[in-house]
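Novice: requesting a structural model of the entry that follows:
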Amino acid sequence: MEAQVAEQASKRRVALTRESILEAALRLSSPEGGGQLTFSRLGKELGADPTAVYRHFRDKDELVLALTDLVIHEGIELARAALPDGPSEDWRAWLTVTADSVRTAYLARPALAVLAAARTTASPAETGSVEEVIAVLHRAGLPVLEAAECYRQLLDLTLAMTQYSAAFTALGPAIHAKDEAAWAVKYGMLPEEDFPLLHQSAQRLTELYRDDTEVFRMTLATFLDGLSVRIDRAHAAEASARQA
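Specialist: Numbers count the residues shown, from 1 in each chain. You can find the predicted model right below:
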């Protein structure tokens, strides 16, 4: 009996690979997988002692960075599927698809989004993506350094709002219902004479509470409106310089 148990344990160790660990971690990070990523849960998912993970990843941070790289790859693939011809003259459409794709890839694993959205991997996928966004903005008319600044603003906007949505998802249905009631009931019942503007907008605020995706797209559109102004200003400055 002991020999059989030892043989089964040996087979598990052989089957435990870096790829199988990453796949299991992605599953656990999804809502269907319970939305919690710990080495203890990872060990149970893999049918192995949690310490076995350390043979492939030095610590949880190394695992998180490897998972982040996979999600970056997935976001890139989603963007390519939506715009198979790649960046075009329509920089606004391309940036919108890129930001939506990043958000979609992360929110498929909320537990990972909370841990990873603020991290930097400097992997080929990440650095290639950064170069591409800066190039799109530069071709649109921004000087390189300004294009790099705007890349950073777009990234932070996208990842911050994604991390917010992921963290809220993890709170669970009971907390969601409590907060929704605060908007729908408490805000909705504020006296009109004291809160005339909130009285007029409470219903819309409740609708937006239920839809982080719409809020993200509205915020992104506002950012891109500002970016359009900066691009027009850069074109005007270039034209003025040529005439001088």
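
Novice: isn't Leu70 up against Ser29?
Specialist: No: contact status for Leu70 versus Ser29: not in contact, 10.5 Å apart, counting by Cβ atoms under 8 Å. To be clear about C-beta, it is placed using only N, CA and C from the backbone, and glycine gets the same treatment.

Novice: for this protein, longest helix please?
Specialist: In the chain, taking DSSP state H as the definition, the longest helix is helix 212-243.

Novice: ok, and what's touching stretch 21-29?
Specialist: 33-37, 41-42, 45-46, 53, 56-57, 63, 66-67, 70, 109-113 (Cβ atoms under 8 Å, 6 or more residues apart in numbering).

Novice: can you rerun that using 7 Å?
Specialist: 33-37, 41-42, 45-46, 53, 56-57, 63, 66-67, 70, 109, 111-112 (Cβ atoms under 7 Å, 6 or more residues apart in numbering).

Novice: follow-up on the earlier one: quick check on Leu70 and Ser29: which one has the bigger neighbour count.
Specialist: Neighbour count, other Cβ atoms under 10 Å: between Leu70 and Ser29, Ser29 has more, with 27 against 19.

Novice: can you tell me how far that one sits from Arg139?
Specialist: Per Cβ to Cβ, to the nearest Å, Ser29 is found 36 Å from Arg139.

Novice: what of Ile76?
Specialist: 19 Å.

Novice: okay, these two: which has more neighbours?
Specialist: Ile76 (19 against 13).

Novice: what sits against that one?
Specialist: Ala125, Ser129.

Novice: after the helix or strand encompassing it, next one along is what?
Specialist: Using DSSP states H and E, Ile76 sits in helix 60-82. Per DSSP H and E, helix 60-82 leads on to helix 91-107 as the next helix or strand towards the C-terminus.

Novice: apart from its neighbours in sequence, what residue is nearest Gly188?
Specialist: Leaving aside its chain neighbours, Gly188 sits nearest to Ala202 (4.6 Å; criterion: Cβ to Cβ, 6 or more residues apart in numbering).
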